[in-house]
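Novice: Coordinates for the following, if possible.
(2 chains)
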Amino acid sequence: MPVRVRFAPSPTGELHVGNARTALFNWLFARRNRGVFVLRIEDTDVERSEARYEGQLMEDLKWLGLDWEEGPDCVGDCGPYRQSERLGLYQHYAQELIAAGSAYYCFCSPEDLNKERLEAQAAGSQPKYSGKCRVIPPAEAISRKKAGETASVRLRIPDEPLRFDDLVGGMVEFSPDVIGDPILLRSSGTAAYNYAVVIDDGLMQISHVIRGDDHISNTPRQVAVYQALARLPSPATDGCDWRLPQFAHLSTILGPDHTRLSKRHGVTSLAHFRERGVLPEALANYLALLGWAPSGGDREIFSLPELVEAFSLEQVSRSPAIFDSVKLHWMNRHYLKQSDPERVLDLAIPIFRAVGQIGESPGEDLRQWLREVVDLLLPAVDDLSQLPEQAGVIFNYDAAASIANEENQQVLAEPSARQVIEGFAKLAQQDGELTVERFRAVLDQVKKTTRQKGKSLFHPVRIALTGSPSGRQLDRLVPLLEAGSRLKLPTPVKSCRQRLMEFQQAWQR
RNA sequence: GGCGCUAUCGUCUAGGGGUUAGGACGUGAGAUUCUCAUUCUCAAAACCCGGGUUCGAUUCCCGGUAGCGCUACCA
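Specialist: Below is the predicted model:
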């Protein structure tokens, strides 16, 4: 039997890391087994579904590196791929199920049901549908329905245990006593989730249902739907045998406080990570390692093709995992360092632009300069969004603030600090710009005349030049300051000469 | 409340009837560097509790506890 898996999100919001991991595992499994990955949009909840999310969903998936053979945007034999376009199918099979006696009309109003539920809860018993309408003779039910009474359609849950073999969790069994007859079709005529998934998965020939474990408790209801469908006389089934697919339920991703990952833990949408300058391969790699580990368990870095190669559902863990953004950042730093500098630059430019450090459409000279800036700053950031802050030493210079700074004052209080800065400023301002060579030569000279070295040499110079005693390598930073001062920027970069002048003036007072 | 799922360092995990319980992130220390960061080396750090089965359980079984999920005419 060919492997066919599906990812079936609801377009009710942005794709977040939990769903993305489910999609990734489905995709990995499909690719690993040369199967087909189907994208299906579950938009039966008209109230909450929005068309704009569907497009974004697909963009996010593509960004992560996933692709699909069948979906709303491409051809396939099992379409349509939006539940909202499959209403006829749901109604058709509901009629068949009613005719076969496996389903029945329910005339209970939501208010009645709610009341029943509250009473059951108060009595401390399992709230489930009483089955009141089960016993209405079919002929009577049909005529009441024809007469215009509103009715939903319910499945008759058989009086026997419902079980399925979960590829991740093993055998799971539910007693029929705890499962009330589920709604198939709402009184509005639309399909309820537990029914629609079965019709869709069955008709789309899905072989493996890989999804979040919040669906485990729904699965027995779905199993009952499959069984009822399988009992239908063959002409009604259109060649679909309604055999149970293999189920594989993935553990939930939790926040650091051990509760389900949600808004409270900050933004976890893929769009957010993309905007922050997290690389898709880093996110995919990290997500793959949440709940899955290769046998041996001693390897962490995997490209998408390597994941495909190594992936298997048998290695998926059943226990919930906590999303650790610190480890994600570690992984992102790794991929950032490995990446083509040109690609990183292209990703960084919009980020610099967003904060106004550079203007629109940088020319080649600006690109060249930024390339070096990024290269210098990259080892200091977790993601690209931290670049502008790091670049502050280049774009912002405030001599007065730097002198007022408490940490700096300790350094500047040393008598040698004044000697160093004055000596350095004098030599540095004598002629031309500070190239690497000149900078080193000047520093060398100051070292000799002041007999200072190490921190007591570099710290004062750093403070005068950048406003901070620590930062990236000075001999790389200095030429960048000089080169930057020749560029046309929204707020000009100050040259070393300029900085030293402002610093000394401010220090006089 | 009922039902279900889960339980190895702080976190992600490997492992499995007898192991010095392995790796990674993070943390600490040291080395390198002008500093911070990077890089490298080293270190501390775990089998939820109680019963059983067994010569022997962290591993298998049962119970407890805790966390999470479901308990809808949401998905």
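
Novice: now the end-to-end length of stretch A:35-53.
Specialist: Distance across stretch A:35-53, first residue to last, is 27 Å (Cα to Cα, to the nearest Å).

Novice: How confident was the prediction at residue A:226?
Specialist: You'll see residue A:226 listed with a pLDDT of 96.

Novice: Report the contact partners of residue A:90.
Specialist: With contact taken as Cβ atoms under 8 Å, 6 or more residues apart in numbering, residue A:90 is in contact with A:184, A:185, A:190, A:191, A:195, A:196, A:199. From N, CA and C alone the C-beta is placed, and that goes for glycine too.

Novice: Keep only those that also lie close to RNA strand B.
Specialist: Checking those against RNA strand B by Cβ under 7 Å from any atom of the strand, the ones in range are residue A:190.

Novice: what's the lowest-pLDDT member of the contacts of residue A:90?
Specialist: Per-residue pLDDT puts residue A:190 lowest of these, at 90.

Novice: give me the element residue A:273 is part of.
Specialist: Element membership of residue A:273, judged by DSSP states H and E, is helix A:270-275.

Novice: and that helix, what other elements does it pack with?
Specialist: Applying 3 or more Cβ pairs under 8 Å, 6 or more residues apart in numbering; DSSP states H and E, one finds that helix A:270-275 makes contact with helix A:17-32, helix A:51-64, helix A:280-288.

Novice: following the first one, which helix or strand shows up next?
Specialist: The element immediately downstream of helix A:17-32 (helix or strand, assigned by DSSP H and E) is strand A:36-39.

Novice: Can you tell me the closest non-neighbouring residue to residue A:465?
Specialist: Computed as Cβ to Cβ, 6 or more residues apart in numbering, the closest residue to residue A:465 that is not its neighbour in sequence is residue A:499, at 5.6 Å.

Novice: Can stretch A:215-227 be said to contact RNA strand B?
Specialist: Yes - interface with RNA strand B: stretch A:215-227 contributes A:215, A:216, A:217, A:218 (Cβ under 7 Å from any atom of the strand).

Novice: Let me know the secondary structure of the third one.
Specialist: This points to residue A:217. Following DSSP: H, G, I helix; E, B strand; the rest coil, we place residue A:217 in the helix state.

Novice: any idea of the pLDDT on it?
Specialist: Per-residue pLDDT puts residue A:217 at 92.

Novice: Please determine how far it is located from residue A:223.
Specialist: 12 Å (Cβ to Cβ, to the nearest Å).

Novice: Compare these two (neighbour count), which wins?
Specialist: More crowded of residue A:217 and residue A:223, by other Cβ atoms under 10 Å: residue A:223, with 20 against 12.

Novice: Backbone dihedrals for the residue nearest to residue A:465, please?
Specialist: Main-chain dihedrals, residue A:499, degrees, to the nearest 10: phi -60, psi -50.

Novice: Please apply the same query to residue A:99.
Specialist: phi -60, psi -40.

Novice: what number of residues lie near it?
Specialist: With other Cβ under 10 Å as criterion, residue A:99 counts 13.

Novice: and it, what pLDDT?
Specialist: Looking at residue A:99, the pLDDT reads 94.

Novice: Show the contacting residues for it.
Specialist: Residue A:99 neighbours (Cβ under 8 Å, 6+ apart): none.

Novice: Next one: it relative to residue A:153, how far apart?
Specialist: On the measure of Cβ to Cβ, residue A:99 and residue A:153 end up 12 Å apart.

Novice: What separation is there between the residue nearest to residue A:149 when sequence neighbours are not counted and RNA strand B?
Specialist: Distances taken as Cβ to Cβ, 6+ apart put residue A:107 closest to residue A:149, at 5.8 Å, once the chain neighbours are dropped. Applying Cβ to the nearest atom of the strand, to the nearest Å, the value for residue A:107 to RNA strand B is 7 Å.

Novice: again with residue A:100
Specialist: For residue A:100, the distance to RNA strand B - Cβ to the nearest atom of the strand - is 21 Å.

Novice: Can you name the residue of the stretch 251-400 of chain A nearest RNA strand B?
Specialist: Of all residues in the stretch 251-400 of chain A, the one sitting closest to RNA strand B is residue A:297 (2.5 Å; Cβ to the nearest atom of the strand).

Novice: how deep is that residue tucked in, by neighbour count?
Specialist: Neighbour tally, residue A:297, other Cβ under 10 Å: 9.

Novice: and it, what helix or strand is that in?
Specialist: Using DSSP H and E, residue A:297 falls within no helix or strand.

Novice: With that, I have no additional questions.
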